[in-house]
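**Student:** Here is a sequence together with a model predicted from it:
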Amino acid sequence: MSRTAEDARKRARDIRDEALAKHAERDRASLVAVRDELAALKTMVAGQQEQLARLTGMIAELTAGFAPNDVQGRTNPSTPRPLSAGKRAALERIRELREQDLSFSRICDIFQAEGFPTLSGQGHWSKGTLWNLWKNHAHQLDMSRP
């Protein structure tokens, strides 16, 4: 083999070895950076765990000092609002007509014929409106008046 061919192979090996060494050095630097970042994340998580424990303790203290009977001026959100006079009158009239086995369509016709005012005072009654009113508020007629 000629000397120039051997020198070319040696140069190629040296270039390859140098490239591999650079890659290995970059990989080591990358691993060190990842290790440092992981250590910082562990420190941050530990701090957040301490803060979470502190906040959980504060919540426990606050809820322990809260007595449900101490609620002042609050109303139960599930309690329906009292019926307005117009809504009560409409519901009572619907009840009377339903006791006669009339459909909501027929009740609507009767409301229109009687000129019964709508809840808003505008527009016309529809059977759907009457049905929804009855479905959603009929149970309030049985409650004692406020």
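**Tutor:** Arrived safely, thanks for sending.
**Student:** what's the domain layout of this structure?
**Tutor:** Following automatic domain parsing, one finds the domains of the chain at 1-67, 85-141.
**Student:** Out of the ones you listed, indicate the one that is most buried.
**Tutor:** domain 85-141 (a mean of 14; mean count of other C-beta atoms under 10 Å). All C-beta atoms are positioned from the backbone trio N, CA, C, and that covers glycine.
**Student:** Determine how far the last residue of that domain lies from the first.
**Tutor:** Length of domain 85-141, first residue to last, C-alpha to C-alpha, to the nearest Å: 12 Å.
**Student:** what about it, average pLDDT?
**Tutor:** Domain 85-141 shows an average pLDDT of 92 in the prediction.
**Student:** what about it, distance to the chain center?
**Tutor:** 36 Å (C-alpha atoms, centre = their mean, to the nearest Å).
**Student:** now stretch 18-28
**Tutor:** In this view, stretch 18-28 has its centroid 51 Å away from the chain centroid, taken as C-alpha atoms, centre = their mean.
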